[in-house]
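> Requesting a structural model of the entry that follows:
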Amino acid sequence: MTAALLLALTATPASAQPGAPDADAREQAFVDSLRRADPAEAERYVALSAARRDAIVELERARARFAAMPPELRGGSLPQLRQAERRYAERSLAILDFLEARDRRTLARYREDIGRLERVLEEHQRLRGELEKVLRGE
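Predicted coordinates for the structure are as follows:
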């Protein structure tokens, strides 16, 4: 699920249209999953995502204003366009930071689980050896 969101995050703002049915359904499923695991984390993600959507809208408006101007007048609106691009990048990075931190916590839990399973398998192997000795009459 996170990989799909990362792909959505790395899309250009023009292709990251808010309201795309597939993206909305995937994001809602992700948020629902987060809510089940940690409601506070889900709310944080929702806030970050909303801020990013706002930044996309702002960037699209700035680009449209810039494109609508005659070339000789565009220089004056360039700072606003660059600021909108920076806000989009900042908010996208905030989501990436959130996802990376979450994924790192998940990896740590998986590593702990793997360690526990390896210890169980080692214990099974030890018991197997003892039982095989009994079968051989040792």
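> what about stretch 73-84, how long is it end to end?
Criterion C-alpha to C-alpha, to the nearest Å; first-to-last residue distance in stretch 73-84 is 18 Å.
> List the buried residues in it.
Burial within stretch 73-84, assessed by neighbour count using 16 or more other C-beta atoms under 10 Å, is assigned to Ser77, Leu81, Ala84. Every C-beta, even on glycine, is put in place using the N, C-alpha and C of the backbone.
> pull the helix or strand with minimum mean pLDDT from the protein.
Using mean pLDDT, DSSP states H and E, helix 2-10 stands out as the lowest-scoring helix or strand of the chain, at a mean of 41.
> any idea which of the buried residues of stretch 73-84 is closest to Arg44?
Ala84 (23.6 Å; C-beta to C-beta).
> for that closest one, what are its contacts?
By C-beta atoms under 8 Å, 6 or more residues apart in numbering, the residues touching Ala84 are Ala55, Glu58, Leu59, Arg61, Ala62, Arg63.
> Now the fourth one: closest residue in space that isn't a chain neighbour?
Yep, that's Arg61 we're talking about. Distances taken as C-beta to C-beta, 6 or more residues apart in numbering put Ala84 closest to Arg61, at 7.7 Å, once the chain neighbours are dropped.
> Look up phi and psi at Asp38.
phi -160, psi 100 (degrees, to the nearest 10).
> which parts of the helix or strand Glu60 falls within are buried?
If you go by DSSP states H and E, Glu60 is part of helix 39-68. Within helix 39-68, the residues that qualify as buried are 41-42, 45, 48-49, 51-52, 55-56, 58-60, 62-63, 66, counting by 16+ other C-beta under 10 Å.
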